[in-house]
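**Student:** coordinates for the following, if possible.
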Amino acid sequence: MEGKRLYCIRGATCADNDKDSIRAAVRILFDGICDGNEFSGSDIVSVQFTMTRDLDTLNAATALRTCGTRLDVSGVPLFCAQEPEIRGMLPRVIRIMVTVYMKEGCGVRNVYVNGAEVLRPDWAACAHDGKDGLHRPVSDAGGTLSGVPEAR
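**Tutor:** Purely as a prediction, here's the structure:
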C-alpha cells in the first residue's frame, strides 16, 4: 500500500430500539464516514461497533451488512460488542470504529450525528488534518454533513 497508512475513523449515532431505526442510523453513520473520508471498500481492514444495552433488536454489524451502504462491505470483517454500562451514560448509542488504509497525511473526518454529537462536541463538526494531530472545524478542513438526513 504505497503512500498509504493505517487510520481509525470513529463516530457515533443514536437510534430507537427497532430494526428500521438501527439500520437507518448505521447507514447514515457509515455513509457519512465514507463521504467525509477518501477510501474505497478494498481499503477497509475492519469495522467495529459497540451498542448500549438498551439497543437489543438488531446487531449493528448485521445492520451494516443489510442496509445498502455506498461501499460494498460484504468481504469486510465486522464486529459488534455491548458498550460497558456507565452510570449516566447517553442511552441508545451506536459507536463505530473503521480501520482503513488512506493516503498518508490525509485528513480524518470522525462523524457524530443524530444526538451523539454530545459525546464528542470537539469532533462533531471537525476534521483531523493529519499533520499536527489536531482537529479543525469542518469549515477549515472542507466538507460538512449538511443534507444528511437524521435517522428516525
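**Student:** would you confirm that Ile94 contacts Ala24?
**Tutor:** No. Using C-beta atoms under 8 Å as the test, Ile94 is too far from Ala24 to be in contact (11.0 Å). In this view, the C-beta of every residue, glycine as well, is placed from N, C-alpha and C.
**Student:** shared neighbours of these two, anything?
**Tutor:** Ala15 (C-beta atoms under 8 Å, 6 or more residues apart in numbering).
**Student:** neighbour-wise, which of the two wins?
**Tutor:** Ile94 (25 against 21; other C-beta atoms under 10 Å).
**Student:** buried residues in the host helix or strand of that one?
**Tutor:** Using DSSP states H and E, the element containing Ile94 is strand 93-103. Applying a neighbour-count criterion of 16 or more other C-beta atoms under 10 Å, one finds Val93, Ile94, Arg95, Ile96, Met97, Val98, Thr99, Val100, Tyr101, Met102 buried in strand 93-103.
**Student:** how close does the second one get to Val47?
**Tutor:** Same thing as Ile94. 12 Å (C-beta to C-beta, to the nearest Å).
**Student:** which parts of the protein are strands?
**Tutor:** 4-14, 44-51, 78-82, 93-103, 111-112, 126-128, 135-137 (DSSP state E).
**Student:** tell me which of those is the most buried.
**Tutor:** Across the strands of the chain, the average number of neighbours (mean count of other C-beta atoms under 10 Å) peaks for strand 111-112, which reaches a mean of 28.
**Student:** what is that one packed up against?
**Tutor:** Under the contact criterion of 3 or more C-beta pairs under 8 Å, 6 or more residues apart in numbering; DSSP states H and E, strand 111-112 touches strand 4-14, helix 19-36.
**Student:** a markdown table for these, including mean pLDDT and distance to Gly107?
**Tutor:** Converted to a markdown table, the helices and strands packed on strand 111-112 look like this (pLDDT from 0 to 100; distance: least, C-beta to C-beta, whole Å):
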| stretch | mean pLDDT | distance to Gly107 |
| --- | --- | --- |
| strand 4-14 | 95 | 10 |
| helix 19-36 | 96 | 9 |
